[in-house]
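> my questions are about this predicted structure, shown below with the sequence.
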Amino acid sequence: MEEQASVVEDPHVQDLIDRGYTVFERAYSPEEVAYLRGLLISGWERMGSPALRASPPVRPIPEAEIGPAGIVFHKLLMLDADIAPRLFKPRIMSVLRAVLGDEMRLELPAGVLSDDSRPFFDWHTHIDGVDDAYLNNQRSFEQYERSQRVTHLLYLDDIGADSGQLLVYPRAVTDPTTPPFNTRLERWEGEVVIECPAGSVVVIEQCTWHAARRKMSPGIRAFIGSYFRSGSAPETPFADATLKDWRGDDALFASLVRP
């Protein structure tokens, strides 16, 4: 098994290992946020601006799905060929590599839009790149000695009291992975409420339990969620196989998708 990367002197690295999450406030400029958010909104409008929630899920187009959490664009690079060099920041990627190792790979960047029709999003994890609903809540909660995967959440709107706060339950990478409380409860004792301005990134370790409160204000809430795995972790069933065919010249993005 690939060795856990040595811990560099960066508090974000230690946060991911000791608490299971870390926050980079205002990592993206307002101009970058406007560009990325505009791509998601344009993609939705080209579909005819359908309702942003459906249960059971529906696929209006092959590369997008509308479900309980909103509309998810699974093939994000299809929205704009020039998006790849704008998706990730070198400093944040260095933190992820310090945790996952130099063979870290990007598996899936996905854009998500939702509104106040989405209810409280229950507590869940992304072990092996999937949440518990994918396994019909029959997951085997194994324990880990080193991190195998993280999720990179880039928020394209301010996250505050009325816009769907992110909730996380701090845990170390080596802690038990079983849920400490009922996953349908809207509050857990010991939870951390995350609020951050647009352009901020929250990185969550795959075993960290998290949830999202309902958006109470009108309008659309947008973010881009990306899965990263270590070189030894199994590939998520949601991996975007087309990433391996990317032939752009951005060195950072190339290092994330090419062997």
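Thanks, I have it. Model, not experiment: these values are computed from the prediction.
> pull up the pairing partners for the strand or helix carrying Val150, direction included.
Following DSSP states H and E, one finds Val150 within strand 149-155. When pairs are called by DSSP bridges, strand 149-155 turns out to pair with strand 201-205 (antiparallel), strand 221-229 (antiparallel).
> ok, which of the ones you listed comes nearest Arg214?
Minimum separation from Arg214 across the strands paired with strand 149-155 (CB to CB) falls at strand 221-229, 10.3 Å. For every residue, glycine as well, the C-beta is placed using N, CA and C.
> show me what counts as buried in that closest one.
Neighbour counts over strand 221-229 (16 or more other CB atoms under 10 Å) mark Arg221, Ala222, Phe223, Ile224, Gly225, Ser226, Tyr227, Phe228, Arg229 as buried.
> kindly list the longest helix within this structure.
helix 30-46 (DSSP state H).
> can you list contacts of the helix or strand just after that one?
The helix or strand immediately downstream of helix 30-46 is strand 58-61, counting by DSSP H and E. Residues outside strand 58-61 that contact it (CB atoms under 8 Å, 6 or more residues apart in numbering): Met47, Gly48, Pro50, Glu65, Ile66, Gly67.
> now strand 58-61: buried residues?
For strand 58-61, it's none, nothing buried (16+ other CB under 10 Å).
> in its sheet, what does it sit against?
strand 64-67 (antiparallel).
> so which bits of the very next helix or strand once past the partner strand are buried?
For strand 64-67, the succeeding helix or strand toward the C-terminus, using DSSP H and E, is strand 70-73. By neighbour count on 16+ other CB under 10 Å, the buried set for strand 70-73 is Gly70, Ile71, Val72, Phe73.
> make a markdown table out of the buried residues of strand 221-229 and add distance to Ala212.
Formatted as a markdown table, the buried residues of strand 221-229 follow (distance: CB to CB, whole Å):
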| residue | distance to Ala212 |
| --- | --- |
| Arg221 | 9 |
| Ala222 | 13 |
| Phe223 | 10 |
| Ile224 | 15 |
| Gly225 | 11 |
| Ser226 | 17 |
| Tyr227 | 17 |
| Phe228 | 20 |
| Arg229 | 23 |
